[in-house]
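Asker: task: produce atomic coordinates for the following.
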Amino acid sequence: MPDAQDIQAHKEFDQRASSLRGQVQPEVLEELYSIRKIIDNLDAALMHILAERFRATQRVGHLKAKHQLPAGDPAREAAQIKRLRSLAELSDLDPEFAEKFLNFIISEVIRHHEQIAQENNGTP
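Answerer: Predicted structure coming up:
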């Protein structure tokens, strides 16, 4: 849950912050601000989606801990990487980037699952 400081930082975010003021024509800067606003909205959506994803993986972690299952599932992870690389290609996104991003998420999920297992069972 966000605290008051997080909410304040969000409210104080300056969508028009730029080191380029005075270095480019005003109309170019306005176009840049317009495009960046789209990026900022997408970044906010990504944060909400990632939060929802991690809430779901926390549930998986508790289920695994309850049944003493391993934190990682290499076959599932390999299938996910293959699937997301394919989706990345279809979306004109660099599949190498997609794989690195997913590997980072997987490593965080496994870390969380290990913590949950330790808290619930006393073992990773």
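Asker: how about the helices of this structure, start to end?
Answerer: Remark: helices assigned in the chain by DSSP state H are 4-12, 26-66, 74-90, 95-121.
Asker: and the shortest one, average pLDDT?
Answerer: Mean pLDDT, taken over the full extent of helix 4-12, equals 74.
Asker: quickly note the distance from the closest residue to Val24 other than its chain neighbours to Ser18.
Answerer: For Val24, ignoring the flanking residues on the chain, the nearest one in space by Cβ to Cβ, 6 or more residues apart in numbering is Leu32 at 7.7 Å. The way it works is simple: take the backbone N, C-alpha and C, and place the C-beta from them, glycine included. Computed with Cβ to Cβ, to the nearest Å, the distance linking Leu32 and Ser18 is 7 Å.
Asker: swap in Thr57?
Answerer: Distance, Thr57 to Ser18, using Cβ to Cβ: 36 Å.
Asker: who's more crowded, the two?
Answerer: Thr57 (18 against 14; other Cβ atoms under 10 Å).
Asker: identify the residues contacting that one.
Answerer: Going by Cβ atoms under 8 Å, 6 or more residues apart in numbering, Thr57 touches Val109, His112, His113.
Asker: no further queries at this time; thank you.
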